[in-house]
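coords below, sequence missing:
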């Protein structure tokens, strides 16, 4: 009898744990439920397609349910236990709480869900801003399929997109915020207007419902290539080459081939660089300098490849 009783107590305890870890607000089979539905529009009267909808019993906890509004801004969340809920509307990088234009969940309206009924939670959210424009390559042709990144200068949040075949783009952004715009040029990001230096990028304030237009032409990348020999004059293969931008401290790396050559053309932003060579036995900087401070500065010009040859001061040990 004691063994049977212990098993019964254990089973009850496990059942209690399971009940405690179930998601609040999600109804179990047979329980009476209700639903919340609505339409999301913005302050200009346009429907907001594909908004992310989340329903919360407690805004500081996870959502009870989440889904995406349809192309007409409509949504319905079913199977909710009776209770009081708040509705969060995600707008792609920012959010508001129903019935809209509320960012503090404590000030959001509470929607009462009753069994067998549908509670309406329509929202009118702040109209997004838009940054749109067109980018061109160094040759003046449209920059197709280039990644575009729009960064909020206040909180570092980002909005992204890709240019169309004609180089155009159109990206919705959080309204009443300030942004910098960058786009892909090869493996690098160029900021508008015409710079690789973020500190020189133009900032764009975008008001609710406003479209800000941006156009830019990419800078042609440059590069560095050369040939490394050892102290005996033989080709130095598998030498680690580091190319350091003097002004930004950004670096790029490659290795020499068996014939001692290396090639980093068309991959560098125009600017000033120092180049180091590392192999078993030591490191040196161009040209035959032992430290960064005394290393020669190499200038990379837009669209050009600068040749940097050097001879190591030692013969690397065989690897």
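Looks like it came in fine. Model, not experiment: these values are computed from the prediction. Numbers count the residues shown, from 1 in each chain.

so what's residue 133 up against?
Neighbouring residues of residue 133 by CB atoms under 8 Å, 6 or more residues apart in numbering: 168-169, 181, 213-216. C-beta here means a position set from N, CA and C on the backbone, and glycine is covered the same way.

out of those, what pair is the most spread apart?
Largest separation among the contacts of residue 133 by CB to CB: 168 and 181, giving 13.6 Å.

Settle it for me: which of those two has more neighbours?
residue 181 (26 against 15; other CB atoms under 10 Å).

Just the pLDDT for the residue lying closest to the more buried one once chain neighbours are set aside.
Nearest residue to residue 181, sequence neighbours excluded (CB to CB, 6 or more residues apart in numbering): residue 192, at 4.5 Å. Residue 192 carries a pLDDT score of 98 in this model.

what's residue 192 sitting at in phi/psi?
phi -80, psi 130 (degrees, to the nearest 10).

Test my guess that residue 266 contacts residue 186.
Yes: with contacts counted by CB atoms under 8 Å, residue 266 reaches residue 186, the gap being 6.9 Å.

shared neighbours, the two?
residue 221.

so how many other residues sit close to the nearest residue to residue 270 once chain neighbours are set aside?
Closest residue to residue 270 apart from its sequence neighbours, by CB to CB, 6+ apart: residue 302 at 4.5 Å. By the criterion of other CB under 10 Å, residue 302 has 13 neighbours.

show me what contacts residue 302?
138, 219-222, 270.

mind putting the residues you listed in CSV, distance to residue 280 and pLDDT included?
Listed next are the contacts of residue 302 as CSV, based on distance: CB to CB, whole Å; pLDDT from 0 to 100:
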residue, distance to residue 280, pLDDT
138, 40, 96
219, 38, 97
220, 37, 97
221, 32, 97
222, 31, 97
270, 34, 96
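
Show me where the stretch 1-150 of the chain has its strands.
34-42, 52-56, 65-68, 74-80, 83-90, 95-97, 111-113, 118-120, 123-125, 129-136, 147-152 (DSSP state E, counting those that start in this stretch).

quick one: which of the contacts of residue 133 has the most company?
Result: residue 181 is most packed of the contacts of residue 133 (other CB under 10 Å), 26 neighbours.

so residue 44 sits right up against residue 126, yeah?
No: if you go by CB under 8 Å, residue 44 and residue 126 don't touch, sitting 9.7 Å apart.

Between those two, point out the one with more neighbours.
Remark: of residue 44 and residue 126, residue 126 carries more neighbours, 20 against 11, as counted by other CB under 10 Å.

Could you list everything the nearest residue to residue 168 once chain neighbours are set aside pairs with in the sheet?
Beyond its immediate neighbours in the sequence, the residue positioned closest to residue 168 (CB to CB, 6+ apart) is residue 134, lying 4.8 Å away. Bridge pairing for residue 134 (DSSP bridges) gives the partners residue 168, residue 215.
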